[in-house]
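Engineer: sequence? don't have it. structure:
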């Protein structure tokens with residue numbers, strides 16, 4: 001019961017802050033979106049040219065620093081990595097492609113649903129489908145290897161990057177770009193965003209909450225622990241929206257802020273997100289917390305998010321409230337094919353290695 005309360009509290013904290021950050025200035029229907037926030041940071045650094053989505057979102061830096069501080073205090077900061085970095089990079093890249101076609105990460109999907117956006121139901125169906133496909137690959141042997149100890153400086157990379165980005169945010173040098181219109185121009189006060197990020201990051205470091213993990217654990221091992229956290233996000237965000245943002249709350253498919261109703265692509269975009277999240281071992285939020293704990297594999301995945309964000313906007317792949325461009329549709333299909341192909345080849349290679357290992361030991365083989 002104690003563990004259930006802790007995970008519900010963690011989810012509730014995210015849900016409440018999702019509503020609060022909208023109330024104090026973040027985009028409607030997007031109080032917190034990890035994928036969108038990395039996209040905005042990418043734009044602020046000048047890596048894409050979409051002027052309406054450029055801002056150094058302090059929530060991300062807060063997630064990292066909050067989790068880092070707690071990990072250090074609890075002696076859980078462990079620099080490690082080296083587990084198929086190139087595959088992780090490409091999976092992170094394609095995860096963002098799917099998220100920006102859907103217009104949101106899995107966390108924003110839940111927050112959108114809590115604001116009455118029924119397009120998120122379609123996205124949820126796609127996300128679960130992608131997770132189920134990913135689990136099938138886990139069952140036939142997919143794994144991208146074990147992490148090994150890394151130099152301490154490598155483990156500190158994401159906290160250091162976060163501090164540098166915060167300095168840029170406060171001093172606003174000329175080489176940093178800030179949106180003057182569009183979603184990137186809607187920002188909560190820095191102190192609110194940073195405080196929310198720090199509290200959420202610290203809480204998630206202790207609870208290991210992950211949107212992909214919640215569904216994966218139910219399907220794979222019938223464990224509902226993480227799902228209670230996701231339920232907490234939804235319920236507390238719903239309550240927060242009804243109290244703080246009643247004028248923005250609207251149940252339906254059409255007219256939802258920063259969303260579209262091309263259901264096939266909402267579905268397929270989140271299939272790609274769910275598939276890659278399971279194969280990576282965590283959703284974008286979980287990858288951020290892992291990076292703060294010294295996991296350089298998660299840092300490489302985040303670099304994939306940034307590269308994907310730049311590519312999506314520089315080559316016209318990103319969806320908008322008007323719908324999904326042709327390039328975005330093609331990219332999602334290519335992404336699904338490429339990720340499935342990589343997963344299949346890695347699984348078969350792992351099966352072959354296990355077969356050879358058993359033969360060397362003189363045991364019977366069953367593949």
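Structural biologist: Perfect, thanks for sending it. All values reported here derive from a predicted model rather than from experimental measurement.

Engineer: I'd say residue 254 and residue 261 touch.
Structural biologist: Yes. Using Cβ atoms under 8 Å, residue 254 is in contact with residue 261, at 6.1 Å. (C-beta placed from N, C-alpha, C; glycine too.)

Engineer: Enumerate residues external to stretch 321-341 that contact any of its residues.
Structural biologist: 90-91, 94, 97-98, 100-101, 133, 257-260, 262, 265, 268-269, 271-272, 275-276, 279, 312, 315-319 (Cβ atoms under 8 Å, 6 or more residues apart in numbering).

Engineer: ok now it, how far from the chain's centre?
Structural biologist: 18 Å (Cα atoms, centre = their mean, to the nearest Å).

Engineer: rewinding a little: neighbour count: residue 254 and residue 261, which is higher?
Structural biologist: Counted by other Cβ atoms under 10 Å, residue 254 and residue 261 do not tie: residue 261 has more neighbours, with 17 against 10.

Engineer: List the residues that contact the spatially closest residue to that one that is not a sequence neighbour.
Structural biologist: Excluding its sequence neighbours, the residue lying closest to residue 261 (Cβ to Cβ, 6 or more residues apart in numbering) is residue 253, at 4.8 Å. Contact analysis of residue 253 by Cβ under 8 Å, 6+ apart lists 117-119, 261.

Engineer: Next, format these as TSV and append secondary structure and distance to residue 48.
Structural biologist: Output for the contacts of residue 253, formatted as TSV (DSSP: H, G, I helix; E, B strand; the rest coil; distance: Cβ to Cβ, whole Å):
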residue	secondary structure	distance to residue 48
117	strand	25
118	coil	30
119	helix	24
261	coil	25
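
Engineer: farthest-separated two in these?
Structural biologist: 117 and 261 (9.8 Å; Cβ to Cβ).

Engineer: how about residue 39, what does it touch?
Structural biologist: 48, 53, 96, 100, 309, 312-313.

Engineer: what's downstream of the host helix or strand of it, the next helix or strand?
Structural biologist: Per DSSP states H and E, residue 39 falls inside helix 34-44. Using DSSP H and E, the helix or strand that follows helix 34-44 towards the C-terminus is helix 58-73.

Engineer: Now do residue 215 against residue 14, distance only.
Structural biologist: Distance from residue 215 to residue 14, counting by Cβ to Cβ, to the nearest Å: 16 Å.

Engineer: again, but for residue 242
Structural biologist: Separation of residue 242 from residue 14 (Cβ to Cβ): 17 Å.

Engineer: The closest residue to residue 80 other than its chain neighbours: how many residues sit nearby?
Structural biologist: Excluding its sequence neighbours, the residue lying closest to residue 80 (Cβ to Cβ, 6+ apart) is residue 147, at 4.1 Å. Using other Cβ under 10 Å, the number of residues around residue 147 comes to 18.

Engineer: Counting neighbours, show which residues of the helix or strand residue 124 falls within come out buried.
Structural biologist: Per DSSP H and E: residue 124 is located in helix 119-139. By 16 or more other Cβ atoms under 10 Å, the buried positions in helix 119-139 come out as 119-120, 122-135, 137-138.

Engineer: for the stretch 1-150 of the chain, which spans come out with low pLDDT?
Structural biologist: For the stretch 1-150 of the chain, the stretches flagged by pLDDT under 70 are 1-2.

Engineer: switch to 90 and redo it
Structural biologist: Counting by pLDDT under 90, the stretch 1-150 of the chain contains low-confidence ranges at 1-6, 29, 83, 144-146.

Engineer: residue ranges of the strands in the stretch 101-250 of the chain, please?
Structural biologist: For the stretch 101-250 of the chain, the strands defined by DSSP state E, counting those that start in this stretch occupy 148-149.

Engineer: List phi and psi for residue 323.
Structural biologist: Here is the backbone geometry of residue 323 (degrees, to the nearest 10): phi 130, psi -170.

Engineer: burial of it, as a residue count?
Structural biologist: By the measure other Cβ under 10 Å, the count of residues near residue 323 is 12.

Engineer: who's it bridged to?
Structural biologist: Per DSSP bridges, the residues bridged to residue 323 are residue 320.

Engineer: Report the mean confidence score over stretch 185-196.
Structural biologist: Across stretch 185-196, the average pLDDT comes to 97.

Engineer: Other residues contacting it?
Structural biologist: For stretch 185-196, contacts defined as Cβ under 8 Å, 6+ apart pick out 17, 20-21, 24-28, 32, 52, 55, 57-59, 61-62, 166, 169-170, 178-179.

Engineer: picking that back up, tabulate the contacts of residue 253 in a markdown table, adding columns for distance to residue 222.
Structural biologist: Listed next are the contacts of residue 253 as a markdown table, based on distance: Cβ to Cβ, whole Å:
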| residue | distance to residue 222 |
| --- | --- |
| 117 | 30 |
| 118 | 29 |
| 119 | 30 |
| 261 | 34 |
